[in-house]
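3D model of this:
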Amino acid sequence: MQAGNNSIETYKNSKGGDGLRIREDLPRLTGQSWKSLTPAEIELLKWVGVFFRKPTPGKFMMRLRMPNGFSHSRQLRAIADLSRRLGNCILDITTRQQIELRGFALGDVQEIWEKLRGVDLHSLQTGQDNVRNINGCALAGLTPHELFDASHAVFELDQLIVGLDGNPEFTNLPRKFNITVTGCVENCTHNESQDVALVPASKHGQVGFGVLLGGKMGSGGFTPALPLDVFVPPHQAAELVAELVKIFRDHGPREARSKCRFRFLVGEWGIPRLRDELQQRINWRLETAGRDMRRAAHSDHLGAIAQKQPGRIAVGLCVPTGRLNPAQIEELARLADTYGNGEVRFTVAQNAVIPHVHESAVRALLREPLLKQFSPQPSPFFRRLVACTGTDFCNMAQIETKSRAVTLSRTLEKKLGKDCEAASIHWSGCQAGCGNHQVADIGLRGLKANINGKVVDAVAIYVGGQSGPETRVGKQLFDVVPCDQLPYVVAGLLEERGLTRSAIEPPLPHDFVAIDSLTPGQAPLPPGDTTIQPQGT
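Sure, this is the predicted structure:
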């Protein structure tokens with residue numbers, strides 16, 4: 001393990017390398033003012049899923065662990081109760097298929113944890129240098145379009161790495177670690193952006209996983225994961241991934257935080273050396289890769305979807321930008337109980353699925369009032385809409401994202417109509433890329449810009465991104481576009497790229513030009529303006 005000299009390494013070392021030990025300090029911390037928290041305590045609280053939020057001083061966020069995005073009505077009711085009584089009545093579904101509870105006081109943490117434990121939930125190891133919520137297909141075990149049900153491997157791996165009470169063996173990683181495990185062939189998760197991704201594969205008539213390594217979003221942009229040239233059967237998957245995490249723990253860089261992701265170890269070592277190291281750590285022979293069974297096309301699992309279980313339907317609901325209030329999540333729980341078996345599943349696109357609806361009950365479910373808000377057949381500008389937290393609650397965000405995303409999509413509906421192809425529009429409030437903006441048809445990254453001496457909210461615009469077996473990194477087309485110009489610019493881009501068939505204004509506004517036609521680093525400029533400069537990125 002390399003010695004580190006960044007502040008987070010110093011904080012971890014103060015707890016013997018185990019950030020979970022901040023729990024020992026909770027009686028003291030919750031009994032005093034939040035203003036007395038030290039920088040070390042603010043960071044270490046993230047090991048137990050408790051996040052200080054600068055935009056809301058004194059109010060905290062808790063990130064709940066929900067492997068594979070699986071939840072149940074009793075859990076949703078507990079979350080709604082906590083949000084209403086102790087929080088600010090704002091809940092968010094994240095792109096890692098989990099819920100964030102907002103607006104509570106530090107003194108409420110123990111009560112929240114007790115309530116969560118009663119419904120088999122916790123928040124451990126959901127932040128900082130840990131394996132984050134493990135992603136998978138929201139319809140695992142249900143969709144006929146899967147090679148096999150991979151959710152068993154997700155839960156086995158989560159038990160190994162976190163369990164019910166946290167696992168110090170995996171709490172001293174150099175940086176965060178993202179994992180996706182899926183057997184779905186419909187390309188419904190962003191595997192190429194993960195530190196480790198297991199994807200459905202076949203070899204000699206046997207089903208299992210292919211392994212991808214070293215993907216990342218964030219600072220430096222989207223770097224797609226690389227194939228490890230390994231085929232792993234489902235029953236060995238959890239052990240293999242756990243050993244890859246340990247390799248990162250033991251050998252990953254720990255100096256500059258921007259260069260501590262797994263990708264940098266993969267780049268330094270190369271795939272052959274990493275594969276050799278993995279072979280030395282396991283007692284079975286690694287097989288070379290099989291055939292990747294994923295389709296190129298992406299599925300969002302929205303709408304009424306026939307399950308492999310006869311007579312059962314999964315109904316995928318679009319939750320615009322993933323934001324809910326307690327009444328909505330309680331109603332989602334009621335619908336899951338009334339029409340299904342109580343299960344609710346969350347997707348990487350911040351949406352929700354009610355499975356196990358009898359086919360005879362689908363029409364009644366579709367008439368429920370909540371489905372007017374969370375439509376199973378949303379317009380093309382909401383269907384694939386994703387937005388990170390933004391400046392409402394995030395310390396790093398440069399612009400507000402959630403309401404802007406909804407406003408833009410509504411404006412596009414009016415300008416372009418609804419009879420067109422769904423385009424993925426992803427918003428990230430900053431370069432951290434939590435909205436996965438470089439795997440979208442249109443990706444928007446927030447920044448501040450100085451225009452004519454006035455600092456305004458703006459975005460950089462990326463186009464043509466896609467994850468999956470035919471991954472494309474979204475290309476930055478505009479360096480700076482003020483947010484008030486977005487409806488015009490995005491509508492033009494959609495038309496230019498054939499993503500809408502409606503008649504609109506000219507493909508691109510005359511006062512903006514693509515970066516390709518500018519000198520390196522130059523921003524697109526409105527007429528007569530020469531002062532736009534990116535700030536805060």
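
Got the phi and psi for Gly433?
The phi/psi pair for Gly433 (degrees, to the nearest 10) reads phi 70, psi 30.

who touches the closest residue to it other than its chain neighbours in this structure?
Spatial nearest neighbour of Gly433, chain neighbours left out: Met217 (3.6 Å); criterion: CB to CB, 6 or more residues apart in numbering. Glycine gets a C-beta too; all of them are placed from N, C-alpha and C. Each residue near Met217 by CB atoms under 8 Å, 6 or more residues apart in numbering is listed here: 193, 432-434, 436, 438.

same thing but at 10 Å, please
95, 178, 190, 193-194, 223, 261, 428, 431-439 (CB atoms under 10 Å, 6 or more residues apart in numbering).

same deal with Ala296?
187, 466, 468-471.

returning to what we had before: mark which of the contacts of Met217 are buried, thanks.
95, 178, 190, 193-194, 223, 261, 428, 431, 433-439 (16 or more other CB atoms under 10 Å).

From the residues you listed, which land in strands?
In this view, these that belong to strands under DSSP state E are Ser428.

which among the buried ones among the contacts of Met217 gets closest to Thr171?
If you rank those by distance to Thr171 using CB to CB, Asn178 comes first, at 15.9 Å.

tell me the contacts of that closest one?
96, 131-135, 190, 193-197, 215-217, 225, 261-262.

What's the per-residue pLDDT of it here?
Here, the pLDDT recorded for Asn178 equals 98.

go on, Asn395?
89.

and Gly342, how far is that from Arg74?
7 Å (CB to CB, to the nearest Å).

who touches both of these two?
Joint contacts of Gly342 and Arg74 (CB under 10 Å, 6+ apart) are 333, 336.

lowest confidence element among the helices and strands of the chain?
strand 534-535 (a mean of 32; mean pLDDT, DSSP states H and E).

Now do the spatially closest residue to Asn325 that is not a sequence neighbour against Asp18, distance only.
Leaving out its chain neighbours, the residue that sits closest to Asn325 by CB to CB, 6+ apart is Cys89, at 5.2 Å. Per CB to CB, Cys89 is found 34 Å from Asp18.

More neighbours: these two, which one.
A count of neighbours by other CB atoms under 10 Å puts Asp18 above the other of Cys89 and Asp18, at 18 against 14.

give the contact list for Phe393.
Contacts of Phe393 by CB under 10 Å, 6+ apart are 51, 53-56, 59, 61, 88, 90, 92, 100, 102-103, 402.

Show me which of the residues you listed are buried.
51, 53, 59, 61, 88, 90, 92, 100, 102-103, 402.

mind putting the residues you listed in a markdown table, pLDDT and secondary structure included?
A markdown table is the format used below for these (pLDDT from 0 to 100; DSSP: H, G, I helix; E, B strand; the rest coil):
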| residue | pLDDT | secondary structure |
| --- | --- | --- |
| Phe51 | 97 | strand |
| Arg53 | 93 | coil |
| Lys59 | 96 | coil |
| Met61 | 98 | strand |
| Asn88 | 97 | coil |
| Ile90 | 98 | coil |
| Asp92 | 98 | strand |
| Glu100 | 98 | strand |
| Arg102 | 98 | strand |
| Gly103 | 97 | strand |
| Lys402 | 97 | helix |
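
Save those as JSON lines, and put in distance to Leu244 too.
Formatted as JSON lines, these follow (distance: CB to CB, whole Å):
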{"residue": "Phe51", "distance to Leu244": "27"}
{"residue": "Arg53", "distance to Leu244": "32"}
{"residue": "Lys59", "distance to Leu244": "37"}
{"residue": "Met61", "distance to Leu244": "29"}
{"residue": "Asn88", "distance to Leu244": "38"}
{"residue": "Ile90", "distance to Leu244": "36"}
{"residue": "Asp92", "distance to Leu244": "29"}
{"residue": "Glu100", "distance to Leu244": "27"}
{"residue": "Arg102", "distance to Leu244": "33"}
{"residue": "Gly103", "distance to Leu244": "37"}
{"residue": "Lys402", "distance to Leu244": "34"}
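
Which of these sits closest to Ile8?
Phe51 (14.5 Å).

Can you name the residues bridging to the closest one?
With DSSP bridges as the criterion, Phe51 is bridged to Met61.

these two touch, right, it and Thr126?
Yes: the pair Phe51 / Thr126 is scored as a contact, 9.0 Å apart, by CB atoms under 10 Å.
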